[in-house]
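[1] Sequence first, predicted model second:
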Amino acid sequence: MNNQRYESGLNKLNEIDGQAGQKVIDSLAAISPDLAKYTIEFPFGDIYQRPGLDLKSRELATVAALTALGSCLPQLNVHINGALNVGCKPEEIIEVIIQMAVYAGFPAALNGMFVAKEVFVERELIKA
């Protein structure tokens, strides 16, 4: 294992997702520690380290992609939290999800918006 790549990825994961990201990694330990390692090294050790986009832009792109996929709601929850953690405003996240109605369809956008609402309520950014 490339320890520098892993450590760099783990630091970036913690910067973005804090405990939520670590919980995902920990939940994989018993069944697939290799997948946990790859999840840290590739996205967070390689891609998130690249120049060209700031963390806010990367997280908004990730929220858009996960919304469009429509079947990644737990990951969408983590990345909406991550987007907020790196300085995105709820209004920006809402607009990205609305934009996905055009390209991914209303069901995907609705599901994404319900995940956003759940995160915003949990973080007391809106009332239930």
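    In hand now; what should we look at?
[2] contacts and neighbour counts: CA atoms only from here.
    Fine.
[3] Contacts for stretch 94-113 next, please.
    Here stretch 94-113 makes contact (C-alpha atoms under 8 Å, 6 or more residues apart in numbering) with 60, 63-64, 67-70, 73, 76, 116.
[4] please redo it, this time with the cut-off set to 6 Å
    Here stretch 94-113 makes contact (C-alpha atoms under 6 Å, 6 or more residues apart in numbering) with 67-68, 70.
[5] Which positions in the helix or strand of the chain with the lowest mean pLDDT come out as buried?
    When the helices and strands of the chain are scored by mean pLDDT, DSSP states H and E, helix 3-28 comes last with a mean of 89. Residues of helix 3-28 classed as buried under the neighbour-count rule (16 or more other C-alpha atoms under 10 Å) are 5-6, 8-10, 12-13, 16-18, 20-21, 25.
[6] Mind telling me the two of the residues you listed farthest from one another?
    The largest separation in the buried residues of helix 3-28, counting by C-alpha to C-alpha, is between Arg5 and Ala20 at 20.4 Å.
[7] what would the buried residues of helix 3-28 look like in JSON lines with distance to Asn111?
    Formatted as JSON lines, those follow (distance: C-alpha to C-alpha, whole Å):
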{"residue": "Arg5", "distance to Asn111": "34"}
{"residue": "Tyr6", "distance to Asn111": "33"}
{"residue": "Ser8", "distance to Asn111": "33"}
{"residue": "Gly9", "distance to Asn111": "29"}
{"residue": "Leu10", "distance to Asn111": "29"}
{"residue": "Lys12", "distance to Asn111": "27"}
{"residue": "Leu13", "distance to Asn111": "25"}
{"residue": "Ile16", "distance to Asn111": "23"}
{"residue": "Asp17", "distance to Asn111": "21"}
{"residue": "Gly18", "distance to Asn111": "24"}
{"residue": "Ala20", "distance to Asn111": "20"}
{"residue": "Gly21", "distance to Asn111": "21"}
{"residue": "Ile25", "distance to Asn111": "24"}
